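Undergrad: structure for this input, please:
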Amino acid sequence: MKASSLAALLAIGTAISTLTYLPAEAVERGGTLSFARYDGSKLIDPIYADRNPDIWMVGSLFSTLLATDPDTGNLVGSLAETFEVSPDGKTVTLTLRENLKFSDGSALTADDVLFSLGRARDPDLGPWAGLLSAISDVTADGRTITLSLESPDPALLSMLATFNTAIVSKKAFEAAPGSTDQEKSAALFAEGGPGLGSGPFFLSGFEQGTSMSFAANEHYWKNGEDGKPLPYVDGVSFEIIPDDATRVLKLVAGEVDIAEFIPFSRVAELDADPAINMNLYPSTRIIYSPINTRETRADGSPNPLADKRVRQAINYATNKEALIGLVLQGAGKPMSTSVMSSATRLAVDLSPLYGYDLDKAKSLAAEAGLKPGTEITLTTLAGSSDDATVFAALQQMWSAIGITLVAEQVDGATRGAKNRSGEFDIHTYGWVDDVNDPSQVTGWLGYYPTRKAVGTGWNNAEFNGLYEASSSEMDPEKRADQYRQMQEIYAEAAPLLFMYETPFAVAVSGKVNGYIQTPLGNNIFENVSLDR
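TA: Numbering: from 1, shown residues only. Coordinates of the predicted model:
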């Protein structure tokens, strides 16, 4: 898939990057895929994974009860062959497939599901337990799993297709050395081996910060296009290469088959190489800047950004297309909705979302009484060339409406602390969805009780009420309308500088077929085959 296909790809919206399956007779089995990663995994346990390099690998080692269809974005059965929700929304019933097995050949049963969901729901363990807070009880009768809910939860089915609810072997886990859940998890991950996993691969080797390897699970439940169990390849070998140039060099030299996070400055070059497919996968990654909307700054001085008209003005004064050209070399698009990416479910197209309009920006600034020379601080990450480019561009753009923009460079931890305390004017930030439901990103960016609307201090009673109502609304049309209203309210209030969406840039050798990266970032290897 060439980079020239970007516009078509990004227009897909909620659809996940389309899979192209080979005809059955053309699929070649065997071989080991070599993958160059920008960062290594630390612990690929469904409930403890909290970094993207861990989260994005969970699906290769562990299967979930439900899954997101790669062609439609709809929820489908995975380990569960059927599922239904009761009319009152308070009971979810799932039926497991017959003859499921873990990667060591042992049976995968309802007991393993109860054990795994019990871990996932335990607030004393992983950070994701809140995603399942509506569940009051989980029971089993043969292959039938019943989830009882305290109240209806329209996002719950999506959570059953999310990494933290993946199924692990109760027997293997309990037999692992260690006296606590964390110790057993760490021991299993360090050891590797086929006993724990339910996904298309199992962890067969691991060296922290250097390398990792997956081996094919011969007992995986899903069949390929040739009617035989997936995956097609014998395994995947990961090499951790933080340096962008080195990842590209190894790919071009044929030393690796796939390299991720290609610098956008190299996309055109690799796209022109006939031996490489330069993929720009649609993503839920958005780049934005939270704006402090409080009446006063942390030092007690009046905050000019508390006026909605000033926030709207700086959005209109920002040429997003120019930023995309400068930072992404054109490989992106302006945000088209306010509180999520266009690839997030229930996103509403509000484009142009504050399209560049300097006259309107000047008019709003004047209406708000913004004084020429008003100083605003943009907090950026020290050492980030992208942030430096964004600052230089905004400094020039905003001077036209009387703003003197100054930079404050800090490390990531300091930026996060400033966000939490409100000690900032505006700062750079970004987001990638972790779940296939808009509740997570909307709760983070706009719902005040979650984190003061991503630290902005924006507190809108109508928005908060809509979010709370949507959390138990089981009527899909009513819920979609609630999200439409939230996006419109958020756009009008402009508690963010809405900037741009970026794709996942992944360069793939021409001998690799079937690899995709989903809009959530998950690496999908089960359909990969190699021309040998």
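
Undergrad: quick check: Val256 touching Arg37?
TA: No - taking contacts as CB atoms under 8 Å, Val256 lies outside contact range of Arg37: 9.7 Å. For glycine as for every other residue, the C-beta is placed from the backbone atoms N, C-alpha and C.

Undergrad: joint contacts of these two?
TA: Glu239 (CB atoms under 8 Å, 6 or more residues apart in numbering).

Undergrad: what is the neighbour count of Gly457?
TA: For Gly457, the count of nearby residues is 18 (other CB atoms under 10 Å).

Undergrad: mind checking the SS state of the closest residue to it other than its chain neighbours?
TA: With sequence-adjacent residues excluded and distances taken as CB to CB, 6 or more residues apart in numbering, Gly457 is closest to Arg294, at 4.3 Å. Under DSSP: H, G, I helix; E, B strand; the rest coil, Arg294 falls in the coil class.

Undergrad: contacts only, for Arg294.
TA: 303, 306, 422, 457.

Undergrad: which among those end up buried?
TA: 303, 306, 422, 457 (16 or more other CB atoms under 10 Å).

Undergrad: quick one on the thing from earlier: now, among the contacts of Arg294, which is nearest to Pro152?
TA: Gly457 (31.0 Å; CB to CB).

Undergrad: just the buried positions in the helix or strand hosting Ser204, please.
TA: Assigned by DSSP states H and E, Ser204 belongs to strand 201-207. By neighbour count with 16+ other CB under 10 Å, strand 201-207 contains the buried residues 201-204, 206.

Undergrad: tell me the one of the residues you listed nearest Val339?
TA: Nearest to Val339 among these, counting by CB to CB, is Phe201 at 35.5 Å.

Undergrad: which residue is the nearest non-sequential neighbour of that closest one?
TA: In space, Phe201 is closest to Phe214, 3.7 Å off (CB to CB, 6+ apart).

Undergrad: over to Leu43?
TA: Leu43's closest residue in space is Phe189 (CB to CB, 6+ apart), at 5.4 Å.

Undergrad: is it true that the one you found lies in a helix?
TA: Yes - judged by three-state DSSP, Phe189 forms part of a helix.

Undergrad: residues contacting it?
TA: Neighbours of Phe189 in contact, by CB under 8 Å, 6+ apart: 43-45, 203, 206.

Undergrad: again with Pro229
TA: Pro229 neighbours (CB under 8 Å, 6+ apart): 218-223.

Undergrad: Val236 now?
TA: So Val236 contacts 32-35, 60, 201, 213-214, 525, 528 (CB under 8 Å, 6+ apart).

Undergrad: can you tell me which of those are in strands?
TA: The strands, defined by DSSP state E, take in 32-35, 201, 213-214 from the contacts of Val236.

Undergrad: out of everything not next to it in sequence, what's closest to Tyr467?
TA: Excluding its sequence neighbours, the residue lying closest to Tyr467 (CB to CB, 6+ apart) is Tyr447, at 4.6 Å.

Undergrad: could you pull up phi and psi at that neighbour?
TA: Main-chain torsions, Tyr447, degrees, to the nearest 10: phi -80, psi 110.

Undergrad: so it touches Asn464, yeah?
TA: Yes - in this structure, Tyr447 is within contact of Asn464 by CB under 8 Å, at 6.0 Å.

Undergrad: quick one: contacts of the helix or strand containing Val506?
TA: According to DSSP H and E, Val506 maps onto strand 504-509. Residues outside strand 504-509 that contact it (CB under 8 Å, 6+ apart) are 248, 251, 254, 256-264, 267, 270, 275-281, 283, 285, 331, 515, 517, 521.

Undergrad: what of stretch 394-407?
TA: Outside stretch 394-407, the residues touching it (CB under 8 Å, 6+ apart) are 313-314, 317-319, 322, 358, 361-362, 365, 370-378, 380, 391.

Undergrad: could you turn the buried ones of those into a PyMOL selection?
TA: Buried residues within the contacts of stretch 394-407, by 16+ other CB under 10 Å, are selected in PyMOL with:
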select buried, resi 313+314+317+318+319+361+362+365+370+374+376+377+378+380+391
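
Undergrad: got the phi and psi for Pro229?
TA: Torsion angles, degrees, to the nearest 10, at Pro229: phi -60, psi 140.

Undergrad: do you know the pLDDT at it?
TA: Note on Pro229: pLDDT of 94.

Undergrad: which one of the buried ones among the contacts of Arg294 is nearest Thr95?
TA: After measuring those against Thr95 - CB to CB - the closest member comes out as Gly457, at 47.1 Å.

Undergrad: surely Ser472 is within a helix?
TA: No - residue state for Ser472 (three-state DSSP) corresponds to coil; a helix is not indicated.

Undergrad: just checking, it touches Pro154?
TA: Yes - in this structure, Ser472 is within contact of Pro154 by CB under 8 Å, at 7.2 Å.

Undergrad: common neighbours of the two, please.
TA: With CB under 8 Å, 6+ apart as the test, Ser472 and Pro154 both reach Gly89.
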